[in-house]
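Colleague: could you look at this predicted model? Sequence included:
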Amino acid sequence: MVESEAIRVIKILNFCGLCTTGPCGGCERKQAKEEALSALEEIQQYRAIGTVEECREARERHRAKKPIHDGLYACPNCHTIMLQGAFEAKEKCCKECGQALDWSETV
């Protein structure tokens, strides 16, 4: 069962027959239902953003890394060779994969 189906089912659940505090005013069952709906809706939002692995990869690309230098400069993530202009301009990220670059202490 996917989140959307679980949300649909939970929304139609009616706990009033079980409540001892009246017609679902502030009972624990109603609070639990609302928390479960909130959690499932939050999961849907995260899935729309991407998987955990995709989020981790994006976070890693935002951490600046020093370019690889072996005669030519290359991206430390995708190993794309950077043109001389990239070195001279000290480009902030790789044009191919978006890896943030740290040019400090480069010759």
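Modeller: Looks like it came in fine.
Colleague: contacts and neighbour counts: CA atoms only from here.
Modeller: Will do.
Colleague: distance from the longest helix seen in the chain to the middle of the chain?
Modeller: Longest helix of the chain, by residue count under DSSP state H: helix 28-49. Helix 28-49 sits 17 Å away from the centroid of its parent chain (CA atoms, centre = their mean, to the nearest Å).
Colleague: other residues contacting the helix or strand just after that helix?
Modeller: Under the assignment DSSP states H and E, the closest C-terminal helix or strand after helix 28-49 is helix 52-62. For helix 52-62, the surrounding residues in contact (CA atoms under 8 Å, 6 or more residues apart in numbering) are 77, 98-100.
Colleague: just want the angle from the longest helix of the chain to helix 52-62.
Modeller: Here the directions of helix 28-49 and helix 52-62 differ by 50 degrees (axes from the mean of the first three to the mean of the last three CA atoms, to 10 degrees).
Colleague: could you flag which of the contacts of helix 52-62 are buried?
Modeller: The neighbour count (16 or more other CA atoms under 10 Å) marks 77, 99-100 as buried among the contacts of helix 52-62.
Colleague: only C-alpha atoms, please: export stretch 68-75 in PDB.
Modeller: Extracted C-alpha coordinates of stretch 68-75, given in PDB (Å, rounded to 0.1, in the frame of the first residue of the first chain):
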ATOM      1  CA  ILE A  68      42.400  16.600  -9.300                       C
ATOM      2  CA  HIS A  69      45.600  17.900 -10.700                       C
ATOM      3  CA  ASP A  70      47.800  15.600 -12.800                       C
ATOM      4  CA  GLY A  71      49.000  17.900 -15.500                       C
ATOM      5  CA  LEU A  72      45.400  19.000 -16.200                       C
ATOM      6  CA  TYR A  73      42.700  19.800 -13.800                       C
ATOM      7  CA  ALA A  74      39.700  17.400 -13.500                       C
ATOM      8  CA  CYS A  75      36.600  17.300 -11.400                       C
END
